[in-house]
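Asks: Just the structure for this:
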Amino acid sequence: MDLKKSVKGFGLLFMLLISLISSVCATDVTFNVGMDGVTVTEGETDLGIINTTGTINFTDEEHNLTFSAVNYDSYNLTVNPTSATEYNVTLNETTYTIVINSELDTFEIYDEEGTLVGTFDDVSRILELTAGTYNYTAVKTGYENESLDFIVPDTEELNVSMILLPQNTTDDTADNATDEEIPVTIIVISDADSKLEQLNDFFHDNVAVMCVIGLVVIYGVGRSMKKTQHKPGNRN
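Replies: I've put the predicted structure just below:
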C-alpha cells in the first residue's frame with residue numbers, strides 16, 4: 001500500500017517538474033500581420049485569431065504555422081522562438097478567374113475611371129480580379145455600351161451581349177457632321193442677263209410664230225418697193 005502511494009506521489013512530482021520545465025522553456029512570439037481576422041493554425045490545432053498584431057506562446061523549438069484569412073492566400077511560416085521572437089507576415093489577396101461569354105468577336109472593357117481593363121476576343125476571354133464590387137462597361141464600335149456590375153468572388157461568369165446601333169450613328173463623327181455648316185453656293189444674275197435670257201427663251205419657244213412674222217414683213221416690204229417703182233414719173 002505504501003509502495004503504491006509512493007509511486008503515485010512520484011508520478012505527480014514528475015508531471016509537476018515537466019510542467020515547470022515546459023513553462024520555463026516557453027517563449028512569447030509576436031506576429032505583425034497588418035490586417036484583421038487572420039487565423040493561425042499548427043497542423044490541426046487552432047492557435048487563435050490575430051487582428052493586426054498578436055502574441056502566441058510557443059515552446060522553444062520549431063513550429064510550422066499557417067496563416068489564413070477570407071479572400072487571401074494562405075501563408076506558411078516556420079517559427080523558432082530561440083532564433084526570433086517577432087515575425088512580419090504578409091498575406092496576398094486571392095485572384096479569382098471570371099470567364100466572359102459573348103457572341104461578339106471582339107470588344108473592350110473599361111472600369112469606372114475609364115481605364116481600359118482589357119481587349120477581349122475569341123482567344124482571350126478571362127478577367128482575373130481580387131475580391132470586391134466592380135462596375136465595368138463593355139464597349140464596341142457600332143454597338144450600345146453595356147454595363148457590367150458584379151461582385152467577386154460571387155461571380156464566376158459574365159455574359160456580354162451588346163445591342164447593334166442603327167446605321168449612321170455608329171460613331172461620333174457621323175453625329176458631328178450634322179452639326180457642321182454645309183457650304184452653299186449662291187449665283188447672282190443681273191437684270192440685263194435675266195432679260196436677255198427671257199428674250200432668248202421667248203424666241204426659242206416661238207420659232208414658228210417668228211418665222212411667220214418675218215415672212216409677212218418681207219412680203220410687205222416687197223410690195224411697197226414694187227408700188228414705188230410703178231408710180232408715174234418714175235422712169236428709168
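
Asks: three-state assignment of Leu215?
Replies: Assigned by DSSP: H, G, I helix; E, B strand; the rest coil, the conformation of Leu215 is helix.

Asks: which residues touch the closest residue to Glu146 other than its chain neighbours?
Replies: The spatial neighbour of Glu146 that comes closest, neighbours along the chain excluded (Cβ to Cβ, 6 or more residues apart in numbering), is Ala138 at 4.4 Å. For glycine as for every other residue, the C-beta is placed from the backbone atoms N, C-alpha and C. Under the criterion of Cβ atoms under 8 Å, 6 or more residues apart in numbering, the neighbours of Ala138 are Phe107, Glu108, Ile109, Asn145, Glu146, Ser147, Leu148, Val160, Met162.

Asks: By neighbour count, sort out the buried ones in those.
Replies: Phe107, Ile109, Glu146, Leu148, Val160, Met162 (16 or more other Cβ atoms under 10 Å).

Asks: and the residue nearest to Glu146, how far is that from Leu148?
Replies: 6 Å (Cβ to Cβ, to the nearest Å).

Asks: Kindly report the same for Thr27.
Replies: Taking Cβ to Cβ, one finds Thr27 at 52 Å from Leu148.

Asks: Likewise for Pro166?
Replies: 23 Å.

Asks: ok, now Ser68?
Replies: Using Cβ to Cβ, we find Ser68 at a distance of 30 Å from Leu148.

Asks: same check, this time on Lys140
Replies: 13 Å.

Asks: how about the strands of this structure, start to end?
Replies: 26-32, 38-42, 45-50, 53-59, 63-68, 75-79, 86-88, 96-102, 106-110, 116-121, 126-129, 132-139, 146-152, 157-160 (DSSP state E).

Asks: Find the residue ranges of the chain scoring beneath the pLDDT cut-off.
Replies: 1-24, 168-212, 214, 216-217, 219-236 (pLDDT under 70).

Asks: Let me know whether Thr95 touches Leu129 as I believe.
Replies: Yes: Thr95 lies in contact with Leu129 (Cβ atoms under 8 Å); the separation is 7.0 Å.

Asks: neighbour count winner among these two?
Replies: Ranked by neighbour count (other Cβ atoms under 10 Å), Thr95 and Leu129 place Leu129 first, with 17 against 12.

Asks: What sits closest to the more buried one if chain neighbours are left out?
Replies: Spatial nearest neighbour of Leu129, excluding adjacent residues (Cβ to Cβ, 6+ apart): Val152 at 4.9 Å.

Asks: For Gly34, see how far away the one you found is.
Replies: As judged by Cβ to Cβ, Val152 and Gly34 stand 22 Å apart.

Asks: Which one of those two is surrounded by more residues?
Replies: Legend: neighbour count by other Cβ under 10 Å for Val152 and Gly34, higher for Val152 (20 against 12).

Asks: can you tell me which residues contact the more buried one?
Replies: Tyr96, Ile98, Leu129, Thr130, Ala131, Gly132, Thr133, Tyr134.
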